[in-house]
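1. Could you work out the structure for the sequence below:
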Amino acid sequence: MVTVDISMPIRPSMPTFPGDPPTAIDTLRSIARGDPYNLSVLSIGTHSGTHVDPPSHFLAGGVSIDQLDLGLLNGPCRVVSVPEGRSSVFPSDLEGIPPGTERLLFRTANSQRWERGEGYFSDFVDLSPAAAAEVLRRGVRLVGIDALSIEADPTVTFPVHRALLSQAVVILEGLVMANVRGVDHSLRCLPLRIPGGDGGPCRAILDST
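-> Sure, this is the predicted structure:
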């Protein structure tokens, strides 16, 4: 079995979506300073790095991060590699998806940019509204992408988020998949258990044979 960690390292310099709080890790206790143990304080946004968007992220009264079905976040998944040079994922990229696919991850040119250590970039490859409609038509229940947001929406109305979350499709963002090969994998994803949370940073892993 081959296991690939597809989550971003949590560190103070990690890229964040514009408007989100920066990540900070501060030393509270230090053995090097004479303390009996090491202890740090972590400050992080609920949508920092690799994270899960539950319906409550955009829908008042929607299911929160701690209420998500963990079975939905873990299990067989399909990875779709989108050709370089694309600005968005389009419906044609879903043509080879087997019927009954529940978990779908998009590997785009974004992953190579994360691998090169780039900071936040606004020209990321996103999921087009038409592709989101195709995701819904096919009955996919979890969709992930290697960008800090699944959509780059200049109107700030967030049609992709709203379309998916309103149909209880969970969104997984901030993936790093430069080292992922093949299409059929098993996803392991556990977001932080935050009661009433509008999102949750997570560790996401792909297993393949």
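
2. roughly how far apart are the residue most central in space within the chain and residue 127?
-> Centroid check for the chain by Cα atoms, centre = their mean gives residue 173 as the closest residue, at 1.7 Å. According to Cβ to Cβ, to the nearest Å, residue 173 stands 10 Å off from residue 127. Any C-beta I mention is one placed from the backbone N, CA and C, and that applies to glycine too.

3. ok, back up a step: okay, and the beta partners of the residue nearest to the centre of the chain?
-> Beta-bridge pairing for residue 173 (DSSP bridges): residue 51.

4. overlap in contacts of residue 173 and residue 127?
-> 145, 150 (Cβ atoms under 8 Å, 6 or more residues apart in numbering).

5. returning to what we had before: the residue nearest to the centre of the chain contacts residue 148, correct?
-> Yes. Counting by Cβ atoms under 8 Å, residue 148 is a contact partner of residue 173 at 5.9 Å.

6. so what sits against both of those two?
-> Here residue 173 and residue 148 have residue 47 as joint contacts, going by Cβ under 8 Å, 6+ apart.

7. Residue 162 - nearest residue in space that isn't next to it in sequence?
-> residue 58 (5.6 Å; Cβ to Cβ, 6 or more residues apart in numbering).

8. separation between that neighbour and residue 160?
-> Residue 58 is 10 Å from residue 160, by Cβ to Cβ.

9. Between these two, which has more neighbouring residues?
-> Using other Cβ atoms under 10 Å as the criterion, residue 58 and residue 160 rank with residue 160 on top: 25 against 16.

10. what's the pLDDT at that one?
-> On the pLDDT scale, residue 160 is placed at 97.

11. likewise residue 118?
-> The model reports residue 118 with a pLDDT of 86.

12. May I have the phi/psi pair for the nearest residue to it once chain neighbours are set aside?
-> Ranked by Cβ to Cβ, 6+ apart and with sequence neighbours excluded, the top spatial neighbour of residue 118 is residue 15, at 7.7 Å. Backbone torsions of residue 15, given as degrees, to the nearest 10, read phi -70, psi 150.

13. Hmm, residue 15 is touching residue 148, no?
-> Yes. Assessed by Cβ under 8 Å, residue 15 is found in contact with residue 148 at 6.8 Å.

14. Comparing those two, which residue is more hemmed in?
-> Between residue 15 and residue 148, counting by other Cβ under 10 Å, residue 148 is the more crowded of the two (25 against 19).

15. Settle this for me: the more buried one is touching residue 126, isn't it.
-> No. With contacts counted by Cβ under 8 Å, residue 148 stays clear of residue 126, the gap being 10.2 Å.

16. residues contacting residue 179?
-> 4, 115.

17. tell me the helices in the chain, going along the chain?
-> 70-73, 109-115, 129-137, 159-165 (DSSP state H).

18. on contacts alone, who are the packing partners of the shortest one?
-> What it means is helix 70-73. Judged by 3 or more Cβ pairs under 8 Å, 6 or more residues apart in numbering; DSSP states H and E, the packing partners of helix 70-73 are strand 170-173, strand 184-191.
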